[in-house]
Structure formats: C-alpha cells, structure tokens
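[1] no sequence on this one, just coordinates:
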C-alpha cells in the first residue's frame, strides 16, 4: 500500500503569509505538495467554523498563519485570531477533536523559508498521525461532504 | 447559469515545466459551468490578454479564472483586461499555480493535481462573485494641522502654497513651538528665531491659512476626506479684533513674578502676557490662575490702561466646527524626565537645569540676554557640566530609547558657552556620542578640538552642593573607571525627549495608534512613515519619535505631499472589499440582532448604529451599519458575528465555504 499522503488546508492572510509563500516560490524553495492555500484578507477574517468544515471536507491537518503580533496590516486582526484560537482549542480539546492537527503560526512576507519549513513539518506530523477519518465518522450523514456545516 | 472561462498560463516554462497545463485545462473543462478552458504560453502578454477579451465577448462569460502567477503580481492586469471586454473586474480571480505550486514542487502528477485543485477552488469562488464597484468618497479640500511648531508650520505652508485651505490649531497662545525657544541650532549655529519667525509670520498672513492659537482639538468624527472637527478656542479674555498688541497691559500688570513657560521657568512673565516678543499672533492672554482680578476680584489695571478697550473678563471658551479632508498631527514633544534622577538634584538645586532652560539662558532674547548666569545668584558660570542621557537609554528609569537630539544639542551648548565665556570650563559626560547626520560628527569634533570642551565617557552618580558649588561625582570609563569630581557652577541635563502632554488623549480622539511611550505610530516604519493607520491622518515631527529640526521639516513636507496628493482628486476611489450588514424586508429588517460585538472589534471604528424607524418615527430596531469610507475590509467583524449578519464583499462566507467544499 502506498504511503499515506495527508491533505493539509492552510488559511493564510493576504499581507504576510500569502506574500511569504509567494517568496518561497520566487526563492524556488521546495516543499511538500500536500498543502492547499486559501487566501483571506486577514487572520481575523477566519471564522473557526472554516477549520471544522475543512476537516469535514477531508483535511487531515490545518495551518492558520498570518502576520506576526504587532505587524497586522489591519492593526489587530491577528490578535483576534489568536484569542479565538486559544478559546477554540480549549473547546476542541474538551470535545475530543485532535488539536495536534491544527497548527497556528506567524509567517511574515519575508519568511519564505519559514513557510516551507512550516508546511513540511505539519505534513510530516500529520503523516504520522494518519488520516483523520475518526472526525469524519462522527459527522451525521446528512452533512457529510457536499453539504455545508453551518 | 454561470459561464466561466478558465485560462491556464504556462509562463514560458515556469509553470509548464512541472505542471501539465493542458491537462489542467482539460480537467477544468469538465467542471459544470466552465464553458471555456484553454492553456497558453504567456497569458499576461498582449495576445494572451486578447484571448481572454475575445472569449468574454464570444462566449458571454460571467466569470474568469486565470491560473498563472500570484494575484499580487498580475491580478490588476487581468482584471483590467476583463473590464476592457465589458466584464466587471471583480468577476475575475487568479489561481496561483506558479509561486504556490510549480516553483515549489517537483514535476509529478501530484503537482498537476494540486494545480487543478487550486483552479477548481477559484472556479467555485468566481461562481459566487458579485459584480463590485469602486467606492467613491468625496474629499473636502481643507486640511487641519494640529500644532504650530516647526513641523506644523512647514506642513501648513506646503499645503497652503499648493492652493488648499488649512486650519491650524495651536494649544499655546503663540505658534512657534520649541524651535522658537532655541538660541542657536546645530550644526550651523544659525539663530533659531531668525529662521523661524519669518515663517511664523508667513503662516499668520497666508490667505489660505486660518490660525487658531490658544485652542485645542475637542473632537473628531468622520473619515478620510470627510472629517468633522470641533475646536475649543480657549478664552483669551481679549477682544482680538480690537487689540493692537501694544503691550501696555503687560507693562502695567502688577503680577510680575510668574515663571514663564516660554523661558522654561528661568524667566518671569506677567499675568496678562504675550509669551515672547515675536509671538504670532501678537495678542496677549490673561492667565486666570495668576490674575489678581480673577483670583481676588480686584485690580482691573489692564482694562484701565488698554487704549482700545480690548479686555474682556467675561469672555468664555467657544467651539468652532469645521469640515476637513485630512489631518496632520504635529503636536511635538516635551523635555521632561528629570524626576527620574533624584540623585542629580533637579528641582532641589536651582543651578541644575535642563537643556531647554540652557537654551533660554543662551538666547539673546532670553531672561539674561544671552549671558550664562546661574539661576541661583546671577553670577556668570565659570565651570559648566553637561550630562547626556539623563533619562534616555536607561531601562531602569523607564525610557529605553535614545532621545536622539541630546548629543548634538549638548555639544552645541558647550560650544555656545565657550564662545560666551572664553576662560570657562565645559565638561560633557556621555555614554556614546551619537552624531549621525550631515555635518554632525564634524560639529562635535569642533566642540572638542577647537573649543576645547572636555568630553568624559562615563556616568554621573551623584550631584550635591558644597560651598556654593555643585560637586559632580562621575567616572571616566576610558581611564579604567577612575573617579572624577568636578566642582561646577552650573549643571545642564540632557533630559529625555518625551511625548507631548495629552498625547495619549489626542491619539484616542484621532483614533490613531501610539507606542508604549505615547509617541504616535506610523503606518509602516519604513515605507509609510508619515501616514497613520487611520486613513487621512498624517504625522509630522517629534510627535512620532524624537527628531531634530531637519528631519522634522522633511517629514512635515512629506506629510504635506500626502495631503496634497489626497486633495488632487475630487473623489476618492476605494477597493470595494468592505463589510456589509445584511438587510431585508420588514418585519425582520436585518439578521443583525444589535449585539455590536463587531463595533468593539473593528480597528477602524467603521461600525455605526443605525436606527430602523416606522412611519411615526418610532425606533423598531437598532442594527449595525458599516461606514464604507472607514472600512478597510479586514473581515474581523465577519468572523465574530454570531448570527452571520455581516459579510465581507469579495470574501463572503458563502465563497469561503464553497472553496473549502471544492477541495
């Protein structure tokens, strides 16, 4: 059987991490192709229902990344994201969602190499954790992939 | 039904070397709603753009996805091409298959698969895109300049000379700021007043500038291009239209021993006073805290002597309202922080003074007419010690930053002193000499080599009085920490430059950010140094950080250029990526329940409260409303909304969920 290839969904802000990932490209730094990037204006835009929806849609790992503290293009959006993540993580731990699969990071527009390292490390961690079928089995049939869990 | 066109670019071989572009295009042609899917060598080239334009017209496309480089690179190019063909530009999206795919992965099926996924995500997004239109905001071509120091003066004159009207607000009775207090300026030693006062007069006489001195900003509402400001004009107790500035009132005022703010406390003034002879406007103010009439109910000497009957004891503060399109904050700094050093005895020994006080002693128009006399007994100081970093660069004292100007002004002081008292001795205790600037290092060298100022590298631990002299106990760290005692007549402290009084309150009124020391924060430390995070509000001078006169003036001109640039358009055009609150027919009106979580989260104060009323004017519901002029489109409110009543145009919840489902 072929090695398990995890699916990783990344939510990144336009101004820092998306630009950082662009820099990874212009620097031709290779990294695992398992990641799919979704661009939002700011990490503050990320409704954490997106994270759950990504798991529902078959993601085995999640990356959330934006500007470093104090560098947010919108002054404070990343702080909102950080707080939401702290609260959500406690809740997810409580209800039994595997929070090791969610990685919150800061990658600036200058950190092309850091983006590649981040993706590689998340992909290899998730590869070890295996497919996240456990989560999807808990989803009621009527909202399994295809439907939107809102 | 959507009719979407997909255009896959090879980017020469940049994409096609690792991604099978033809296969991506072929796969996408099977997606429902995709009516046109092609690949081409250079999509951004003229023939490539023509392909897109032709396809839009021929196939009547309702959406376009260009799979190529990063949208940060060519999104404007392709959106323009779509607009040329009559398609709303916001119906065009880019899938980043170069920077995020072909350049970072090896040639493999997985890479082609990833590229296909990225394009599919964008197809699902475009399917849900709505045509958007740039937001037009009118611009009031009047600028408000807060602060009448050299920064404010420069900014106001530059804006006014470009043909726009300016309202200048100054807290003190006269404009001029700290620069008017200085004796000479480094590194040229030209007289500060000689270069500044002509510009002060120019401000007062400029047909485009309205000057409000002895006034403060009361409140600010609105947004870029459309601010509404209220200015509190404090009561001068003088009818300015009648006063000729003859000065008889101040001459006859019996209260003569009030420490003068302009002379930094080393000189005195009267209760009715003009801060300094060259003040603009040359109209006095009554200091009610020290006026005999206001305190004890009798005197009224000024009223009796005034030849034009301009004294108004019953005058009250007035509020002036104005519409402005841009605001320049140029509120400056203060030199304080001597309280940090009880061991230096500032406040206890009258002959321990600040740099600003020394400026007044050295000034030809100062209380000693330029002679360096001790404040305690009026004798000429024979030995003067200057101490740099008295507060700055000392985390233990709470100020970590370098105040930047002290090295230079202390060298200037020592030099001026030596020029006035040839046989006198001048010592400068320093940590480092920071003289970065045009002709600055040479200036300090001149103080040391030509004027024989003794520079001692070391800190001063204590100052105490002994036989009428101040004993300065220091150490020379270049001589292995050898203790040094200097018996001085006068000690000048290079105290820290701190944010102006009320800076925090003003920043909150303007809704601009500030640093832990209450200096106002620029939008970007390198690339946007004169803008703030609030559109339409700019910074000039030492309200942003300690700076010297040349830097202040250049920044003020920079801020003025930004204002003039803003005023060069009659309407502002803004990206329509903004939040909108859901509205619908009665009886629901809106999904918004009026919790206003969004209001507290918005970094731009763009959320307003809208009252929905019936025909009798009764309020039925209060819902959130986004001010499109203020909203910058971060979407923090959207993620926070409990009832999903607010959404971000261009990045709607529906779009993001559709993108997720497509993965």
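    Cool, got the structure. Just so it is clear, the model here is predicted, and its values are computed rather than measured.
[2] who does the most centrally placed residue in chain B bridge with?
    Using Cα atoms, centre = their mean, the residue of chain B that lies closest to the mean C-alpha position is residue B:539, 2.8 Å off. Here residue B:539 shows beta-bridge partners residue B:329, assigned using DSSP bridges.
[3] and it, what is it in contact with?
    Listed by Cβ atoms under 8 Å, 6 or more residues apart in numbering or on different chains, the contact partners of residue B:539 are B:328-330, B:520, B:522, B:529-532, B:555, B:559. To be clear about C-beta, it is placed using only N, CA and C from the backbone, and glycine gets the same treatment.
[4] Touching the lowest-mean-pLDDT helix or strand in chain A from outside, list them.
    Across the helices and strands of chain A, mean confidence by mean pLDDT, DSSP states H and E is lowest for helix A:133-137: a mean of 88. Contact with helix A:133-137 is made by A:55-56, A:58, A:97-98, A:144, as judged by Cβ under 8 Å, 6+ apart.
[5] May I see the buried residues of that helix?
    Of the residues in helix A:133-137, those with enough neighbours to count as buried (16 or more other Cβ atoms under 10 Å in any protein chain shown) are residue A:135.
[6] Number of residues surrounding residue A:127?
    Here the number of neighbours of residue A:127 (other Cβ atoms under 10 Å in any protein chain shown) works out to 18.
[7] Residue B:564: what's its closest spatial neighbour, skipping adjacent residues?
    residue B:162 (4.5 Å; Cβ to Cβ, 6 or more residues apart in numbering or on different chains).
[8] pLDDT at residue A:150, what is it?
    At residue A:150 the predicted local confidence, pLDDT, stands at 40.
[9] Oh, that last question was meant for residue A:146, not what I typed.
    Residue A:146 is assigned a pLDDT of 52 by the prediction.
[10] again with residue B:663
    Turning to residue B:663, the model gives it a pLDDT of 85.
[11] close enough to count as contact, it and residue A:59?
    Yes - distance between residue B:663 and residue A:59: 7.4 Å, which falls inside the contact criterion (Cβ atoms under 8 Å).
[12] Could you check which of these two has the larger neighbour count?
    When neighbours are counted by other Cβ under 10 Å, residue A:59 comes out ahead of the other of residue B:663 and residue A:59, with 26 against 19.
[13] tell me the secondary structure for the more buried one?
    Going by DSSP: H, G, I helix; E, B strand; the rest coil, the secondary structure assigned to residue A:59 is coil.
[14] The closest residue to it other than its chain neighbours: neighbour count?
    Across the structure, with Cβ to Cβ, 6+ apart as the measure, the residue nearest residue A:59 apart from its sequence neighbours is residue A:9 (4.3 Å). Neighbour count for residue A:9, taken as other Cβ under 10 Å: 25.
[15] and the least confident helix or strand of chain A, how far from the chain's centre?
    Helix A:133-137 sits 18 Å away from the centroid of its parent chain (Cα atoms, centre = their mean, to the nearest Å).
[16] now swap in stretch B:504-517 and tell me
    Averaging C-alpha positions (Cα atoms, centre = their mean) puts stretch B:504-517 9 Å from its chain's average.
[17] Also stretch B:267-279?
    Averaged C-alpha coordinates place stretch B:267-279 at 31 Å from its chain's average position (Cα atoms, centre = their mean).
[18] can you check stretch B:596-614 too?
    Between the centre of stretch B:596-614 and the centre of its host chain there is 26 Å, according to Cα atoms, centre = their mean.
[19] Need the residues that contact that stretch.
    The list of residues contacting stretch B:596-614 from outside it, by Cβ under 8 Å, 6+ apart, reads A:44, A:74-77, A:80, B:223, B:511, B:533-534, B:579, B:589-590, B:594, B:619-627, B:630-632, B:634, B:636-637, B:640-642, B:646.
[20] Only the buried residues of that stretch, if you could.
    The neighbour-count criterion (16+ other Cβ under 10 Å) identifies B:596, B:598, B:601-604, B:606-607, B:610 as the buried residues of stretch B:596-614.
[21] contacting residues around residue 74?
    Since you didn't name a chain, this refers to chain A. Each residue near residue A:74 by Cβ under 8 Å, 6+ apart is listed here: A:41-42, A:44, B:603-604, B:632, B:634, B:636.
[22] Switch to chain B, please.
    The neighbours of residue B:74, taking Cβ under 8 Å, 6+ apart as the test, are B:44, B:66, B:68, B:94.
[23] repeat for residue B:504
    Residue B:504 is in contact with B:514, B:518, counting by Cβ under 8 Å, 6+ apart.
[24] Could you give the backbone dihedrals for it?
    For residue B:504, the backbone dihedrals are phi -60, psi -40 (criterion: degrees, to the nearest 10).
[25] close enough to count as contact, residue B:242 and residue B:310?
    Yes - between residue B:242 and residue B:310 there is a contact at 3.8 Å, judged by Cβ under 8 Å.
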